[in-house]
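Visitor: Quick one, fold the following:
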Amino acid sequence: MAVDEELGFPFEEEEPVEEVFDGRATGVEVERPADASADERDVQPWDPEKIRVATKSFSLRNVLDMIDSDDIELAPDFQRNKVWKPRQKSRLIESLLLQIPLPAFYFAEDEDGLLRVVDGLQRLSTIHEYAREEAFPLKDLEYLRDEHGKSFSQLSSLLKRRLLNAQIVTHVIDPSTPHEVKYDIFKRINTGGEPLNAMEIRHCMSRTRSRELLKRCVASPSFNEATGHVLKDHVRMHDREAALRFIAFRRLGRIEEYDRFGSLEQLLDATTTDIDNPELVTDAQLDGWFNDLERAMVNARAVFGDHAFRKWPTNSEHKSPINRALFESWGVVLADYDRSALETNREKIVELARKAMTKNVGYIAAISTSTADSRRVKKRFEIPRIIMKSAMP
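Guide: Numbers count the residues shown, from 1 in each chain. I've put the predicted structure just below:
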């Protein structure tokens with residue numbers, strides 16, 4: 001166990017650990033809290049009287065019409081929640097045709113009356129695909145074997161009515177419910193298997209403007225080249241989290257302003273909320289942050305090549321997973337420079353950066369463990385700035 005004497009934290013000096021989801025490596029380094037059992041988002045007590053959840057019943061006919069008219073949003077960018085196999089989809093439709101009640105759904109309502117699916121996205125997406133898009137025929141049915149191979153339009157009138165008239169129970173979270181309470185509800189109610197992470201919950205709670213900005217950022221060829229394409233359409237939304245972290249810290253100006261947010265998650269929440277409000281953040285500002293990110297990605301690739309945003313100590317040429325702490329800090333710093341000047345001084349920048357990743361205990365800790373801590377945030381922004389001042393004439 002090493003000790004970061006400057007910051008006063010113990011930490012394990014270990015090889016970077018790559019996150020695994022659903023049995024597959026995700027290309028992103030795990031961010032370890034100081035206490036392995038700790039949650040980065042501090043638990044704050046809140047008044048249960050502030051919970052506003054109404055229980056309603058809808059027919060599937062009504063729900064499908066609301067989806068078609070965009071009154072219910074299925075969050076189409078939420079990739080990992082739409083991975084059901086054909087058999088699973090068919091068995092769900094068969095349950096409805098057999099008049100078996102479905103588990104309750106959770107929706108979140110925003111100030112404009114738009115409903116967003118919090119829990120039950122896979123089920124509603126499947127039903128919509130079958131009944132409206134006719135995207136798949138039924139197969140591997142357990143009981144209604146005579147319906148095998150049939151699309152919705154090929155069902156009998158009786159079975160069509162049975163599906164469309166099926167009643168579902170929904171719990172609708174009122175927009176007046178405080179943000180932190182909503183977050184906790186989202187975290188607790190997810191029944192889709194792997195619990196949602198903070199960015200996935202933020203995606204469910206955010207509005208179109210911030211989603212479109214992050215989608216634009218991560219679709220950029222420069223972003224994908226700088227990250228070695230491992231973040232493209234990331235299964236845990238780490239691509240969008242990385243872009244949001246860059247924007248959040250770029251927007252701060254002075255890193256000392258981080259303290260007023262209390263935690264990394266609260267900074268990201270506040271940034272998302274502000275982006276979604278055109279009265280607080282203009283379109284020109286959004287374009288400016290996008291251009292800053294583009295410049296940072298091009299510069300990072302020019303300086304660090306395949307090792308951009310990855311740990312690269314002097315004793316190893318191994319290509320480590322993407323490190324989000326390096327992404328946000330080096331990205332923000334490199335956005336201030338011209339590419340030609342960086343290329344001229346590339347060797348010195350790389351030498352000093354690799355040395356810091358090898359010998360500077362405080363810096364290694366700041367990009368490895370308890371990365372949301374204010375002192376570690378400041379340290380990982382301080383070191384790249386010092387390196388750039390030393391390397392650039």
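
Visitor: buried stuff in stretch 196-208?
Guide: For stretch 196-208, the neighbour count (16 or more other C-beta atoms under 10 Å) marks 196-207 as buried. All C-beta atoms are positioned from the backbone trio N, CA, C, and that covers glycine.

Visitor: Mark out where each domain of this protein begins and ends.
Guide: Structurally, the chain divides into domains by automatic domain parsing as follows: 2-41+195-391, 52-176.

Visitor: Could you save those domains as TSV and add columns showing distance to residue 183 and mean pLDDT?
Guide: Listed next are those as TSV, based on distance: least, C-beta to C-beta, whole Å; pLDDT from 0 to 100:
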stretch	distance to residue 183	mean pLDDT
domain 2-41+195-391	6	90
domain 52-176	11	90
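
Visitor: coming back round to it: nearest to residue 348 among the buried residues of stretch 196-208?
Guide: residue 199 (35.2 Å; C-beta to C-beta).

Visitor: quick one: the closest one and residue 242 touch, right?
Guide: No: at 9.4 Å, residue 199 and residue 242 do not qualify as touching, with contact defined as C-beta atoms under 8 Å.

Visitor: thinking again about what came up before, pick the most buried one from the domains of the chain.
Guide: The densest packing among those, expressed as mean neighbour count by mean count of other C-beta atoms under 10 Å, is seen in domain 2-41+195-391 with a mean of 18.

Visitor: how distant is it from the center of its chain?
Guide: Relative to its chain's centre, domain 2-41+195-391 lies at 13 Å (C-alpha atoms, centre = their mean, to the nearest Å).

Visitor: likewise stretch 60-77?
Guide: Relative to where its chain is centred, stretch 60-77 has its mean C-alpha point 22 Å off (C-alpha atoms, centre = their mean).

Visitor: all helices for the stretch 101-250 of the chain, in order.
Guide: Along the stretch 101-250 of the chain, the segments classed as helices by DSSP state H, counting those that start in this stretch run 121-128, 157-164, 179-189, 198-205, 208-218, 221-226, 238-252.

Visitor: Which residues outside the helix or strand following the last one are in contact with it?
Guide: Right, helix 238-252. Next helix or strand after helix 238-252 toward the C-terminus (DSSP states H and E): helix 264-275. Outside of helix 264-275, the residues that reach it under the criterion C-beta atoms under 8 Å, 6 or more residues apart in numbering are 40-41, 179, 183, 198-199, 202, 205-206, 209-210, 213, 241, 244-245, 247-249, 251-252, 258, 261, 280-281, 286, 371-372, 377.

Visitor: Stretch 204-222 now?
Guide: Counting contacts by C-beta under 8 Å, 6+ apart, the residues outside stretch 204-222 that touch it are 75, 77-78, 108, 110, 116-118, 179, 182-183, 186, 196, 203, 223-224, 231-232, 239-240, 242-244, 247, 272, 275-276, 278, 286, 289-290, 293-294, 297-298, 301.

Visitor: how about stretch 369-379 as CSV, C-alpha atoms only?
Guide: Extracted in CSV, the C-alpha atoms of stretch 369-379 (Å, rounded to 0.1, in the frame of the first residue of the first chain):
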residue,chain,number,x,y,z
THR,A,369,-8.2,6.3,-7.1
SER,A,370,-10.8,8.5,-5.5
THR,A,371,-10.7,10.6,-8.6
ALA,A,372,-13.7,12.8,-7.6
ASP,A,373,-11.9,14.1,-4.5
SER,A,374,-11.2,17.9,-4.9
ARG,A,375,-7.5,17.6,-4.0
ARG,A,376,-7.0,14.9,-6.6
VAL,A,377,-8.9,16.8,-9.2
LYS,A,378,-6.7,19.8,-8.7
LYS,A,379,-3.5,17.7,-8.8
